[in-house]
Structures are given as C-alpha cells and as structure tokens.
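S.K.: Give me a model of this one.
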Amino acid sequence: MSGTEALAAVHRPGSVPYADQIVAMHLVDVNGAPQTGNESLQCVAYVWSTRDNVWTPAARLRPGDQITVRLRSWADVSEKYEKINRSDIDDPELTVEEPAWAEFVK
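M.R.: So this is what the prediction gives:
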C-alpha cells in the first residue's frame, strides 16, 4: 500500500482531442520494495487516468488517498505507453528519477 502525495491534472473526457491519458502520481510510503534502514520509499509512477474517454479509478484519486498498486519499471513498458498523452506533476525535483508504471491491484 502507498499514499498519494501529488497527482497531475486529469482532463475531462471529451474535452480534448484524444481519448486516452496517462497521469503521473507521486507515491510515498511505498511498501513491498526492498529498503535499507528506516527511510520512507517514494516514487513517481504513471497510471491510466482515461481510457476511451472514460475516467479510470486513478482519475478520482486525491492527495492522501491510500492505494495498492503493482509497480513496474517504466523502461519495461515505455515502448508501449510513451506515445500516449501524459500529464506530469509540475515539480522539477520529481523529474530527476526514472518513473514507474502502476497498475491497481484488485
């Protein structure tokens, strides 16, 4: 389980000329990853926010929400998703690290 610290803007379905969007989210207190010491793990991850002009559950997330996602390296999926319209978080410090790809766990 992870907490959402910040989320990029999500477009309203039908308000833009594209039907799909990926949104960036800043996750904190990421559990399940190997860590050393007591540091809190965090990452920026992309997730589907709109598919075929319909919001996904990610479009309704707000800072502070607790979510359970499976994270994968962006390098593993970038060829498949890099051409999808993306919305990024406006924070230069968060663009330094390689992002992850997130999928909600049911």
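S.K.: When you work out contacts or count neighbours from here on, use the C-alpha atoms and nothing else.
M.R.: Fine.
S.K.: For the spatially most central residue of the chain, list the residues it contacts.
M.R.: With distances taken as Cα atoms, centre = their mean, Tyr46 lies nearest the centre of the chain, 3.1 Å away. Neighbouring residues of Tyr46 by Cα atoms under 8 Å, 6 or more residues apart in numbering: 22-25, 99-102.
S.K.: Filter these down to just the buried residues.
M.R.: Buried members of these, scored by 16 or more other Cα atoms under 10 Å, are 22-25, 99-102.
S.K.: hmm, back to that, so which of the contacts of Tyr46 would you say is closest to Ser78?
M.R.: Using Cα to Cα, Trp101 comes nearest to Ser78 of those, at 8.7 Å.
S.K.: so the closest one touches Val47, yeah?
M.R.: Yes: assessed by Cα atoms under 8 Å, Trp101 is found in contact with Val47 at 6.2 Å.
S.K.: ok, how many other residues are close to the nearest residue to Gln42 once chain neighbours are set aside?
M.R.: Ranked by Cα to Cα, 6 or more residues apart in numbering and with sequence neighbours excluded, the top spatial neighbour of Gln42 is Val28, at 4.3 Å. Here the number of neighbours of Val28 (other Cα atoms under 10 Å) works out to 19.
S.K.: Report the helix or strand with the lowest average pLDDT across this structure.
M.R.: Here the helix or strand of the chain ranked lowest by mean pLDDT, DSSP states H and E is strand 2-7, holding a mean of 78.
S.K.: For it, enumerate the helices and strands it packs against.
M.R.: Strand 2-7 sits against strand 21-28, strand 66-67, with contacts defined as 3 or more Cα pairs under 8 Å, 6 or more residues apart in numbering; DSSP states H and E.
S.K.: how big is the angle separating the longest one from strand 2-7?
M.R.: Which is strand 21-28. Using axes from the mean of the first three to the mean of the last three Cα atoms, to 10 degrees, the direction of strand 21-28 lies 120 degrees away from that of strand 2-7.
S.K.: helices or strands up against strand 21-28?
M.R.: strand 2-7, strand 43-51, strand 86-87.
S.K.: Could you point out which of the helices and strands packed on strand 2-7 sits nearest Glu93?
M.R.: Nearest to Glu93, of all the helices and strands packed on strand 2-7, is strand 21-28, at 11.1 Å by Cα to Cα.
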